[in-house]
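Asks: Please work out how this folds:
(4 chains)
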2 protein chains.
Amino acid sequence: MKLTTKSEYCLLALLHLARRQDGGFVKIEEICDRYEIPKKYLELLFMTLRQNRLIKTRRGTQGGYQLAVPAGRISLASIIRLMDGALAPTESVSTYFFSDTPIAREEKLLSVFREIRDYIAGRLEQITLQDLV
Amino acid sequence: MKLTTKSEYCLLALLHLARRQDGGFVKIEEICDRYEIPKKYLELLFMTLRQNRLIKTRRGTQGGYQLAVPAGRISLASIIRLMDGALAPTESVSTYFFSDTPIAREEKLLSVFREIRDYIAGRLEQITLQDLV
DNA sequence: CCGCTTGTCTATAATGTCTATAGACTTGAT
DNA sequence: ATCAAGTCTATAGACATTATAGACAAGCGG
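Replies: Next up, the predicted model:
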């Protein structure tokens, strides 16, 4: 796992939406202003979030974004996997993004990194946006 | 932290040297053959390991590489930091490679990733090549 | 000393990923 | 109708990754 701005921007943006869940739709510019995120870039990232049903949108005046699911049901793991892929330190110990890497044949090395992956995944699956509001 | 082939190749190569510590110098070709590593690439990586005193070399016939330090004194953390940088999932929670990233202002998010960083670093600092021989 | 073998070092190239930006299009409210 | 938002596809610049090439240096065996 390595967080890029994709995950980081989305974590911030979704957290912002979680905090404004009461009101209507939140304009993207509000989020960009608050966290200094390039607007066009966040729009791109939001497309992915929307296609994966994490957020709902409305167009036009009064348009914007809101969470499509209660904040308590969106884990940090799901956000990061969506934006940056595997939580594991290397894909040879990844559950959802498995592929062979050079260390694949050294079982002891693998088990070290599997243990780390399990810790990370366990932790990030447990924590939701609600916990951070 | 994200392992690239740099770390993975070096972990394998150093582990191989750890297993052949008794004999003399190990030729790079032996390692490359065993793990299917491009020779010129591993030579490049070995330069870094050598400049950081993890390995010693001898040139010419009977030349090759060997560990410069007992296997029990080389942690996985030191290898990975050298080749791939921060163990932390993002540099805003990294001790040795700190820099600002977008999530820097959200203290709760930071603490989640700090906890993960601490786990990874603790684990990888504890495990040495000797443990994997 | 010669010639072979092995490591050293610098430069560079191919490919992929990250981080956007541009611009034409769609939808909804008034 | 018009304006204000989001949608979508394409593309580009910078950087990282993964090497490869080639000239050089050092050690060994005769």
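Asks: switch to C-alpha atoms for all contacts and neighbour counts from now on
Replies: Fine.
Asks: Enumerate the beta-bridge partners assigned to A:Gly64.
Replies: A:Arg58 (DSSP bridges).
Asks: Hmm, A:Leu14 is touching A:Leu67, no?
Replies: Yes - using C-alpha atoms under 8 Å, A:Leu14 makes contact with A:Leu67 at a distance of 7.4 Å.
Asks: Endpoints of stretch A:122-130, how far apart?
Replies: In stretch A:122-130, first residue to last residue: 17 Å (C-alpha to C-alpha, to the nearest Å).
Asks: Over to stretch A:79-98?
Replies: Counting by C-alpha to C-alpha, you get 18 Å between the two ends of stretch A:79-98.
Asks: So the spatially most central residue of chain A versus A:Leu124, what's the distance?
Replies: Note on chain A: the residue nearest the mean C-alpha position is A:Ile79, at 1.8 Å, using C-alpha atoms, centre = their mean. Counting by C-alpha to C-alpha, the separation of A:Ile79 from A:Leu124 is 10 Å.
Asks: about what we covered before: for the residue nearest to the centre of chain A, which residues are in contact?
Replies: Residues in contact with A:Ile79, defined by C-alpha atoms under 8 Å, 6 or more residues apart in numbering or on different chains, are A:Ser7, A:Cys10, A:Leu11.
Asks: The first one against A:Leu87, yeah?
Replies: No - checked against C-alpha under 8 Å, the pair A:Ser7 and A:Leu87 is beyond contact range at 11.6 Å.
Asks: who has more neighbours, those two?
Replies: A count of neighbours by other C-alpha atoms under 10 Å in any protein chain shown puts A:Leu87 above the other of A:Ser7 and A:Leu87, at 29 against 22.
Asks: what's the nearest residue to A:Leu87 once chain neighbours are set aside in contact with, if anything?
Replies: Excluding the flanking residues, the one nearest A:Leu87 by C-alpha to C-alpha, 6 or more residues apart in numbering or on different chains is A:Met1, at 4.4 Å. Neighbour list for A:Met1: A:Asp84, A:Gly85, A:Ala86, A:Leu87, A:Ala88, A:Pro89, A:Thr90, B:Met1, B:Lys2, B:Pro89 [criterion: C-alpha under 8 Å, 6+ apart].
Asks: Got the phi and psi for the last one?
Replies: Here is the backbone geometry of B:Pro89 (degrees, to the nearest 10): phi -70, psi -20.
Asks: again, but for the first one
Replies: The phi/psi pair for A:Asp84 (degrees, to the nearest 10) reads phi -120, psi 0.
Asks: my guess is it meets A:Tyr9, correct?
Replies: No - applying C-alpha under 8 Å as the test, A:Asp84 and A:Tyr9 come out as separate, 11.4 Å apart.
Asks: who has more neighbours, those two?
Replies: More crowded of A:Asp84 and A:Tyr9, by other C-alpha under 10 Å: A:Tyr9, with 26 against 16.
Asks: From A:Thr101, how far out is A:Asp22?
Replies: A:Asp22 is 46 Å from A:Thr101, by C-alpha to C-alpha.
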